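*Asks:* sequence first, then the predicted structure, then my questions.
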2 protein chains.
Amino acid sequence: MKAIILFGHGARDIRWREPFDRLAALWRSQHPDTPVELAFLEMMQPSLEEAVSALSIVGASQIIVVPVFFGQGGHLRNDFPALLAACQEKYPEIILSATNAVGDDLAVLQAIVDFGGRALRFF
Amino acid sequence: MKAIILFGHGARDIRWREPFDRLAALWRSQHPDTPVELAFLEMMQPSLEEAVSALSIVGASQIIVVPVFFGQGGHLRNDFPALLAACQEKYPEIILSATNAVGDDLAVLQAIVDFGGRALRFF
């Protein structure tokens, strides 16, 4: 069974995670057969490894990690591959893979431009 | 004349800004009459004040700042309003306003879910 992890940066303020919770809820409503977990790089739980563990327990055999980041800097180029490799070593029976950051996706960028366009008309 | 600032966090790695440059290019191609500038909270230039200054020079009388952040934590709840207020004080002739973070927008979140859905079929 495939599963997905939406991987974010994390922050001290618990309210920071609200859009991530909404993302997970949207995913669950639209992909009810594909379990989803959130995971955070720092300052928030669960960690990537905890999310992989949770999905392993529910029977995931393949997990796709989607970095919910705009840019790809040190966190995604250095920290994230190391975390992913450590998870793969700990869970060798699970096929772990990762996409590019969502900020690489033209449709995501277009949605942001559209949001700005609506703001332009509103203000 | 209205103008827009796309306001991001910033990072040490210059490649982090690539999606922001793409965002600005998309904006320019779709809203050629509304100048756009990027601005960053930290570690990248220009600052919010520098972007306001640049738009002031080209004749902006109203600037809408769009925080290109997912979550709203300390940066957006504390640092950003203080920066915006300082800019407003320095440029009293410009009407400055700000939208919510783009991570509040359902269409942006849906685009991320769609991206994950395509990854699910690909992997």
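*Replies:* Yep, it's here.
*Asks:* not counting the helix or strand of chain A with the lowest mean pLDDT itself, show me its contacts.
*Replies:* Ranked by mean pLDDT, DSSP states H and E, the weakest helix or strand in chain A is helix A:74, scoring a mean of 91. Residues from elsewhere that reach helix A:74 (Cβ atoms under 8 Å, 6 or more residues apart in numbering or on different chains): B:11, B:12, B:13. Every residue, glycine included, has its C-beta placed from N, CA and C.
*Asks:* swap in stretch A:57-64?
*Replies:* Here stretch A:57-64 makes contact (Cβ under 8 Å, 6+ apart) with A:1-5, A:35, A:52, A:55, A:93-99, B:116, B:119-120, B:123.
*Asks:* quick one: the strands in chain A?
*Replies:* Assigned by DSSP state E, chain A shows strands spanning A:2-8, A:36-40, A:62-67, A:95-98.
*Asks:* so for the closest residue to residue A:86 other than its chain neighbours, what's the pLDDT?
*Replies:* The shortest distance from residue A:86 to any non-neighbouring residue, by Cβ to Cβ, 6 or more residues apart in numbering or on different chains, is to residue A:49 (7.0 Å). Note for residue A:49: predicted pLDDT of 98.
*Asks:* ok, now which ones touch residue A:49?
*Replies:* By Cβ under 8 Å, 6+ apart, residue A:49 lies in contact with A:83, A:86, A:87, A:90.
*Asks:* kindly report the same for residue A:12.
*Replies:* The neighbourhood of residue A:12, defined by Cβ under 8 Å, 6+ apart, consists of A:43, B:73, B:74.
*Asks:* what number of residues lie near the closest residue in space to the first one that isn't next to it in sequence?
*Replies:* Sequence neighbours aside, residue A:10 is the residue nearest to residue A:43 in space, at 4.1 Å (criterion: Cβ to Cβ, 6+ apart). The burial metric for residue A:10, expressed as a neighbour count using other Cβ atoms under 10 Å in any protein chain shown, is 19.
*Asks:* cool, the one 3 residues further on as well?
*Replies:* Residue A:13 has 17 neighbours, counted by other Cβ under 10 Å.
*Asks:* and residue A:120, how far from residue B:1?
*Replies:* Distance of residue A:120 to residue B:1, given as Cβ to Cβ, to the nearest Å: 11 Å.
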